[in-house]
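In: okay, here's the prediction I keep looking at, along with the sequence it came from:
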Amino acid sequence: MSKKQQGFTLITVLILTGMASVVVLSSLRENIVQERLSGNFQKKLNSRLLAEKGVFEQAKLLQQTLNREGVLAIDELIDKTGNASGVGVIGDDAKFTALLSKNLDGELEIASLGQRYAGDAQSNLVARFSVQGGKGSSAFTNAMVGCKGVNLSGSGTIDSYDSSKGSYEETKSSDGDVSTIDGDSDVVLSGHSPIKGDVKATGVIYLNGSSPIIGNIRSNTGVNISSGSGLRIDGNVYTRGFYIHKGGRVSGVVRANGDASMQWSTYIDNTQGESLDIMYGGTGNFKDTYNNQQDGVHYSNRKFNVNPNVEPITVADPSAPDYDPTNPDTSCDPLIIPEKMAQLHSDTDSYHSLSIGATQQFKLTNEKGFFSQNGSQVILPSLSDVFLFDTKIQNQPHGSTSKEYVFALDKLKLTSDGKMEVSGGDVILFIDGDFSMEGDTRLTIKKDSSLTILITGKINIGAGASVITEQEGLTTSGHPSLSFYSSFTGVNGVQFSGAANLYAAIYAPLTTVKLSGSGELFGSVRGSTITASGGSGAHYDAGLLKVQNGGKPSTPARIVFLGWRYKTEETIQQNSEGTSTN
């Protein structure tokens, strides 16, 4: 007799079905999580690609601006280039925005924000770029270039402005850079005036003065900051050699490949919040227990004793396989001036000798010169092929020729109250001798005219002399209102001791340039060595970057990718809401 079933099979089936449902639901939930993770990853990837597109589009705009305008200072390049924004090809909810700025290292930064799904997915990228000038471009790239050394002991400010945008007071900025080029060439700063720009030396930088450097300093050999108080460097310090800090503050960070030494009452503020205040590859000697530390860790700790990656300053080396003698950043004489002067000399048959004395006046256009000396005299130019005017032709009022009108002199001397006036376009003087202004003499260059002096001898502008340029900067033909190009190879080939201000672009790579007056120099100066004392300051005219001294650049100016920099989303948003300069 069989027993009745009591529903056990049904219960078993229900239990198994329930267990299977739990397994299925768990699997479904896991699949949903995986789907969401994959979706979020895809969204993030899309936003990352949009951020990259923003960088590419902004870089494209920058290069287009350089192609159109030629070599530009970074601030001017930012001004002339708009910010990039747009949508991606995958829909209107895919957007990118790229913003331009200049960081404390003087580099271009592109901060790009990519967004997808109404901002649900966001990615931030910050790319760093430099601007590489075209080869053969302007030789007037800095306030001062002393190929073999710079010694500044004056009390005048060194900074910059842009004559193409306005006056000095309207456009002054902090791009008054000072540099050397030849190997082991020092920069010695012992004056009492601020330098508003970067200082770069292939040798040692000696900061002995009381006023700060408003910019970064870079050296191949070492940095020596003397005793003192207050802010000494408002920027970062980069040296391939030693670092000696005897007093005062550095607002940025210090990176040294060699030994580092800091005395009492020395500070590294690290205002940008880098991970380490200082990094050094050699031995460390830090006297101040309280101030020479970060987050309670003394600089002698091994976490700071790490050899940093400090880029070397390229030194002029004619024996190097990639050396380019026409590159103004690595060659002291990119115009190869002796060769050009020799060519001018061979084109010239006769020379005039001029001395403009008491009550005499010399009036000069590019087609005729008139002066009174033992009776009235007229001098006429000859035709020569002047390399400076190959791409920016001479402004000639009565048509133009394939060559330039050039006045050939064996000397030009102004004494007593003698006067000289230049008008009527671009005037060119080739002086195979000396040029001097002594006493209460005056040189006036009328508006939209320029005077270019190519000289083999010395230039001396004395204490009582004055040079008046009615229009500073470049004329409509693209030449500086006053420029000197010297092939002199002796000492003190250029001396300016005037009490009045002077606007001039001075190119004298083979001789010493001495600035000792109370007047200030507006423009740019390049010399073998430069010494400045007294009250003379230097105000670099960024408009001179547009000068094409040696003809059309063989390669165009371009932007060069340097790497990525991490910034938080909040930092990028703050930059987009505030100024365009970090």
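Out: Yep, it's here.

In: what separation is there between Pro480 and Pro328?
Out: Using C-beta to C-beta, to the nearest Å, we find Pro480 at a distance of 15 Å from Pro328. Quick note: C-beta positions are derived from backbone N, CA and C, even for glycine.

In: compare neighbour counts for these two and give me the winner.
Out: Shown here are Pro480 and Pro328; by other C-beta atoms under 10 Å, Pro480 has more neighbours (29 against 26).

In: how many other residues sit next to the nearest residue to the more buried one once chain neighbours are set aside?
Out: Leaving aside its chain neighbours, Pro480 sits nearest to Ala505 (4.3 Å; criterion: C-beta to C-beta, 6 or more residues apart in numbering). Using other C-beta under 10 Å, the number of residues around Ala505 comes to 27.

In: could you look up the SS state of Ala505?
Out: With DSSP: H, G, I helix; E, B strand; the rest coil as the basis, the three-state label of Ala505 is strand.

In: now it: how far from Ile461?
Out: 14 Å.

In: next: Val422.
Out: Val422 is 15 Å from Ile461, by C-beta to C-beta.

In: in the sheet, who's paired with Asn460?
Out: When bridges are called by DSSP bridges, Asn460 pairs up with Ser436, Gln495.

In: separation between Asp105 and Arg240?
Out: Asp105 is 16 Å from Arg240, by C-beta to C-beta.

In: and the helices in the stretch 101-250 of the chain, which stretches?
Out: For the stretch 101-250 of the chain, the helices defined by DSSP state H, counting those that start in this stretch cover 168-171.

In: would you mind listing where it has pLDDT under the threshold?
Out: The stretch 101-250 of the chain contains residues with pLDDT under 70 at 118-119, 133-137.

In: hmm, 80 instead?
Out: 105-106, 117-121, 132-137, 191, 193 (pLDDT under 80).

In: and the nearest residue to Gly281 once chain neighbours are set aside, backbone torsions?
Out: Nearest non-adjacent residue to Gly281, counting by C-beta to C-beta, 6+ apart: Asn307, 3.2 Å away. Note on Asn307: its backbone torsions stand at phi -70, psi 120 [degrees, to the nearest 10].

In: and stretch 292-306, how far apart are its ends?
Out: 16 Å (C-alpha to C-alpha, to the nearest Å).

In: who's in contact with it?
Out: 260, 262, 266, 268, 270, 276-281, 284, 286, 289 (C-beta atoms under 8 Å, 6 or more residues apart in numbering).

In: tell me what Ile217 is bridged to.
Out: Counting by DSSP bridges, the residues bridging with Ile217 are Val199, Val237.

In: and for it, the neighbour number?
Out: Residues near Ile217, counting by other C-beta under 10 Å: 26.

In: also Tyr290?
Out: Residues within reach of Tyr290, counting by other C-beta under 10 Å, total 8.

In: could you verify my assumption that Ile461 touches Val467?
Out: Yes. With contact defined as C-beta atoms under 8 Å, Ile461 reaches Val467; the gap is 6.9 Å.

In: who's more crowded, those two?
Out: Higher neighbour count among Ile461 and Val467: Ile461, with 26 against 23, using other C-beta under 10 Å.

In: which residue packs closest to Lys200, ignoring adjacent ones?
Out: Ser179 (4.1 Å).

In: state the distance from the one you found to Ile313.
Out: According to C-beta to C-beta, Ser179 and Ile313 sit 8 Å apart.

In: tell me the confidence at the residue nearest to Pro480?
Out: At Ala505, the model reports a pLDDT of 97.

In: quick one: it and Ser486 touch, right?
Out: No. Counting by C-beta under 8 Å, Ala505 does not reach Ser486; the two are 11.7 Å apart.

In: and Tyr323, how far is that from Ile313?
Out: Applying C-beta to C-beta to Tyr323 and Ile313 gives a distance of 15 Å.

In: in terms of neighbours, single out the busier of those two.
Out: A direct count of neighbours by other C-beta under 10 Å for Tyr323 and Ile313 places Ile313 higher, at 21 against 13.

In: wait, is that one part of a helix?
Out: No. Applying three-state DSSP, one finds Ile313 to be coil, outside a helix.

In: right, and it touches Ile217 too?
Out: No. Using C-beta under 8 Å as the test, Ile313 is too far from Ile217 to be in contact (11.0 Å).

In: hang on, the earlier thing: joint contacts of Ile461 and Val467?
Out: 437, 498, 502.

In: and which of the residues you listed is nearest to Asn366?
Out: Of all those, Asn366 sits closest to Met437, with 21.1 Å by C-beta to C-beta.

In: so that closest one versus Thr469, what's the distance?
Out: 14 Å.

In: quick one, helices of the chain?
Out: 8-69, 74-80, 168-171, 337-347, 569-577 (DSSP state H).

In: what residues are shared contacts of Ser179 and Ile313?
Out: Counting by C-beta under 8 Å, 6+ apart, the contacts common to Ser179 and Ile313 are 200-201.

In: remind me which residues of the stretch 351-500 of the chain are low pLDDT?
Out: 371-377, 391-392, 396-402.

In: in this structure Leu364 contacts Gly425, no?
Out: No. In this structure, Leu364 is not within contact of Gly425 by C-beta under 8 Å, at 10.6 Å.

In: quick one: contacts for Gly54?
Out: Gly54 sits next to 84-85, 96-98, 110, 112-114, 125 when contact means C-beta under 8 Å, 6+ apart.

In: if I look at it, how far off is Leu113?
Out: 7 Å.

In: likewise Val24?
Out: 42 Å.

In: between these two, who's got more neighbours?
Out: Set side by side, Val24 and Leu113 show more neighbours around Leu113, with 23 against 10, by other C-beta under 10 Å.

In: just give the nearest non-adjacent residue to the more buried one, would you?
Out: Thr97 (5.0 Å).

In: who does the one you found bridge with?
Out: Here Thr97, judged by DSSP bridges, has bridge partners Ser85, Leu113.

In: contacts only, for it.
Out: So, once contact is read as C-beta under 8 Å, 6+ apart, Thr97 ends up touching 54, 83-85, 112-113, 576.

In: need these in TSV (columns: distance to Arg526).
Out: Output for these, formatted as TSV (distance: C-beta to C-beta, whole Å):
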residue	distance to Arg526
Gly54	39
Asn83	35
Ala84	36
Ser85	41
Ser112	38
Leu113	42
Ser576	39
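
In: from these, keep the buried residues only.
Out: Buried members of these, scored by 16 or more other C-beta atoms under 10 Å, are 54, 83-84, 112-113.
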